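Novice: heads up, no residue letters with this:
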């Protein structure tokens, strides 16, 4: 489904958080690609970026002109979601087209050997004639050595450093002077400018907008060490005086969590004397402070600058419209919604919704909104279809190429999300494993260790997920239907069905 991209309309779509009305019937120009050409392909993944943390998505003060231009010249997805709202497993889902139950990267533990064995779509592109490259944060294991499928490899060890980062490139680790986002952009621009006769693909895994932190050998983060969001020097303080308007579901007391016993239990543990003594009250940041939100916004400015440089280079080389650019993130973030801040792993909209923009004129009419439900596991098959590369049977996602073209014949009826807490970096998130199903109207959350605490939301009437309807007898038919969909989707995720 498409309609012209008008900013006011887009803001209404994004902030409503619920299903959108059917667009009016209209004649839409759809570009036809040359069947003999193969696009260059760029995938950009930003760390921890919320779906609404862009100017074009309604952020009250953040300026992202290059990201906005990408949406205006391509397609903006208003109903894109993470298959798992956590860095390592979702990055694996993006690269493999599989759910965590299938690819095995279920948390942020340093699964170094396993991540060398993932069956990723860049391997298929490389085997099919593409020149491939990886730049940035791998984060499926702290080991920065090359993974299969890439002709050029530049990676940061673990979480890496924002200033003067270490990089593994050309077979060695060395320190590079500069700001990490700019350094990765430099490598990407050089790759675009290299002489070649083949189409190219590269993936940028940004460290931004993640804070600097001390990461332990098992992949967990040591919260006892001071952390911080570090903007590029040129952007530091740009939003110093700005205040962020919180969403209506941002809460300050556990009493406001009626109908969410699983979260109530976790947050009661989080603010217990034992946890506060261990981590420090300030570090727990109960609502994501305005300082945090301002510094995150300032960090994103370098990502926007970098995208601008990449687009400008493609344009100067005369290959901009021959290049598919896909921009997304690995998970969302909480600014106090439902009392959450550090716990971006949870199944609410602020965490599972994804920013997703695709620019490629032969397939996506500039200035459109795609309203079909799309998941991060769908990126791999979409890229492969665009490249004309066979989509392997191991891929569980479904291509959204037809949605881009405005002719989706089998759009998703639901989004499946799963999360496992084996890593347990935060001791208050004990036994918080869940599976969830999200349709264009409803969401059902099944807490695996607490099945009696299920949650059901009507996102049309309650877009901020404030009223749990799981015990409402009038919702029994809807609940049963969603449970059946959840069961079928869970089996599919494990490779056992459909």
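Specialist: Great, that's in hand. Because the structure is a prediction, the values reported are computed rather than measured. Residues are numbered from 1 along each chain as shown.

Novice: pLDDT-wise, which helix or strand of the protein ranks last?
Specialist: helix 7-16 (a mean of 45; mean pLDDT, DSSP states H and E).

Novice: what about the nearest residue to residue 465 once chain neighbours are set aside, how many residues close to it?
Specialist: Among residues not flanking residue 465 along the chain, residue 457 sits closest, at 4.7 Å (C-beta to C-beta, 6 or more residues apart in numbering). In this view, the C-beta of every residue, glycine as well, is placed from N, C-alpha and C. When neighbours are counted by other C-beta atoms under 10 Å, residue 457 registers 26.

Novice: verify the stated contact: residue 457 with residue 468.
Specialist: Yes: Residue 457 is in contact with residue 468 according to C-beta atoms under 8 Å; the separation is 6.9 Å.

Novice: the least confident helix or strand of the chain: what's the following helix or strand?
Specialist: For helix 7-16, the following helix or strand on the C-terminal side (DSSP states H and E) is strand 40-46.

Novice: okay, now the sheet partners of that following strand, with direction.
Specialist: Strand 40-46 pairs in its sheet with strand 200-205 (parallel), strand 323-329 (parallel), by DSSP bridges.

Novice: of these, which approaches residue 293 most closely?
Specialist: Checking the strands paired with strand 40-46 against residue 293 by C-beta to C-beta gives strand 323-329 as the closest, at 15.9 Å.

Novice: list the buried residues for the closest one?
Specialist: 323, 324, 325, 326, 327, 328, 329 (16 or more other C-beta atoms under 10 Å).

Novice: do stretch 397-415 as well
Specialist: 397-406, 408, 411-412, 414-415.

Novice: for stretch 289-300, same thing?
Specialist: Buried residues in stretch 289-300 (16+ other C-beta under 10 Å): 292, 293, 294, 295, 296, 297, 298, 299, 300.

Novice: and which of the residues you listed is nearest to residue 169?
Specialist: For those, the nearest to residue 169 is residue 299 (22.9 Å; C-beta to C-beta).

Novice: on the three-state scheme, residue 174 is what?
Specialist: strand (DSSP: H, G, I helix; E, B strand; the rest coil).

Novice: name the element the closest residue to it other than its chain neighbours belongs to?
Specialist: Leaving aside its sequence neighbours, residue 174 sits nearest to residue 167 (C-beta to C-beta, 6+ apart; 6.5 Å). Assigned by DSSP H and E, residue 167 belongs to strand 166-169.

Novice: which residues does that strand contact?
Specialist: Contacts with strand 166-169, where a contact means C-beta atoms under 8 Å, 6 or more residues apart in numbering, come from 144-146, 153-157, 160, 173-176, 183, 187.

Novice: quick one on the thing from earlier: among the buried residues of stretch 289-300, which are in strands?
Specialist: Using DSSP state E, no member of these falls in strands.

Novice: would JSON lines of the residues you listed with distance to residue 199 be doable?
Specialist: As requested, the buried residues of stretch 289-300 are exported to JSON lines (distance: C-beta to C-beta, whole Å):
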{"residue": "292", "distance to residue 199": "40"}
{"residue": "293", "distance to residue 199": "39"}
{"residue": "294", "distance to residue 199": "40"}
{"residue": "295", "distance to residue 199": "38"}
{"residue": "296", "distance to residue 199": "35"}
{"residue": "297", "distance to residue 199": "35"}
{"residue": "298", "distance to residue 199": "35"}
{"residue": "299", "distance to residue 199": "32"}
{"residue": "300", "distance to residue 199": "29"}
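
Novice: quick one: which of those sit in helices?
Specialist: Within the buried residues of stretch 289-300, residues falling in helices by DSSP state H are 292, 293, 294, 295, 296, 297, 298, 299, 300.

Novice: which residues are in contact with the helix or strand hosting residue 265?
Specialist: Assessed by DSSP H and E, residue 265 sits inside helix 261-270. Residues from elsewhere that reach helix 261-270, judged by C-beta under 8 Å, 6+ apart: 254, 257, 275, 284, 338-340, 343, 346, 426-430, 432, 434, 447, 450, 453, 455.

Novice: what sits against the residue nearest to residue 381 when sequence neighbours are not counted?
Specialist: Leaving out its chain neighbours, the residue that sits closest to residue 381 by C-beta to C-beta, 6+ apart is residue 399, at 4.2 Å. Neighbouring residues of residue 399 by C-beta under 8 Å, 6+ apart: 378, 381, 382, 384, 385, 391.

Novice: for residue 256, same thing?
Specialist: Counted by C-beta under 8 Å, 6+ apart, residue 256 has contacts residue 339.

Novice: ok, now how distant is it from residue 206?
Specialist: Remark: distance between residue 256 and residue 206 (C-beta to C-beta, to the nearest Å) = 34 Å.

Novice: next: residue 272.
Specialist: Per C-beta to C-beta, residue 272 is found 35 Å from residue 206.

Novice: can you list the residues that contact stretch 479-487?
Specialist: 413, 414, 416, 435, 436, 437, 439, 442, 444, 446, 456, 470.

Novice: show me what contacts the residue nearest to the second one when sequence neighbours are not counted?
Specialist: This means residue 414. The shortest distance from residue 414 to any non-neighbouring residue, by C-beta to C-beta, 6+ apart, is to residue 439 (4.7 Å). Neighbour list for residue 439: 373, 413, 414, 415, 482, 485 [criterion: C-beta under 8 Å, 6+ apart].

Novice: residue 334 now?
Specialist: If you count contacts by C-beta under 8 Å, 6+ apart, residue 334 has them with 288, 340, 341, 342, 343, 344, 346, 348, 350, 351.

Novice: so which of the residues you listed sit within strands?
Specialist: Using DSSP E, no member of these falls in strands.

Novice: between these, which sits nearest residue 117?
Specialist: Nearest to residue 117, judged by C-beta to C-beta, of these is residue 344 at 27.0 Å.

Novice: tell me how many other residues crowd the closest one.
Specialist: Neighbour tally, residue 344, other C-beta under 10 Å: 21.

Novice: ditto for residue 69
Specialist: Around residue 69 sit 17 other residues, with neighbours defined as other C-beta under 10 Å.

Novice: now swap in residue 371 and tell me
Specialist: Using other C-beta under 10 Å, residue 371 is surrounded by 23 other residues.

Novice: go ahead and confirm it touches residue 75.
Specialist: No: the criterion here is C-beta under 8 Å, and residue 371 misses it with residue 75 at 10.5 Å.

Novice: overlap in contacts of the two?
Specialist: Overlap between the contact sets of residue 371 and residue 75, as judged by C-beta under 8 Å, 6+ apart, is nil.

Novice: and the strands in the stretch 301-450 of the chain?
Specialist: Applying DSSP state E, counting those that start in this stretch to the stretch 301-450 of the chain gives strands spanning 323-329, 357-359, 368-370, 374-375, 415-419, 434-438, 442-447.

Novice: any idea which of those is most buried?
Specialist: Stretch with highest mean neighbour count among these: strand 374-375 (a mean of 28; mean count of other C-beta atoms under 10 Å).

Novice: now find how far off-centre it is within its chain.
Specialist: Centre-to-centre, strand 374-375 and its host chain are 11 Å apart (C-alpha atoms, centre = their mean, to the nearest Å).

Novice: cool, stretch 315-324 as well?
Specialist: On the basis of C-alpha atoms, centre = their mean, stretch 315-324 sits 25 Å off its chain's mean C-alpha point.

Novice: higher neighbour count, residue 272 and residue 206?
Specialist: Set residue 272 next to residue 206 and count neighbours by other C-beta under 10 Å: residue 206 wins out with 26 against 13.

Novice: list phi and psi for the more buried one.
Specialist: Backbone torsions of residue 206, given as degrees, to the nearest 10, read phi -70, psi 150.

Novice: ok, now residue 274?
Specialist: Torsion angles, degrees, to the nearest 10, at residue 274: phi -60, psi -50.

Novice: what about it, neighbour count?
Specialist: For residue 274, using other C-beta under 10 Å, the count is 10.
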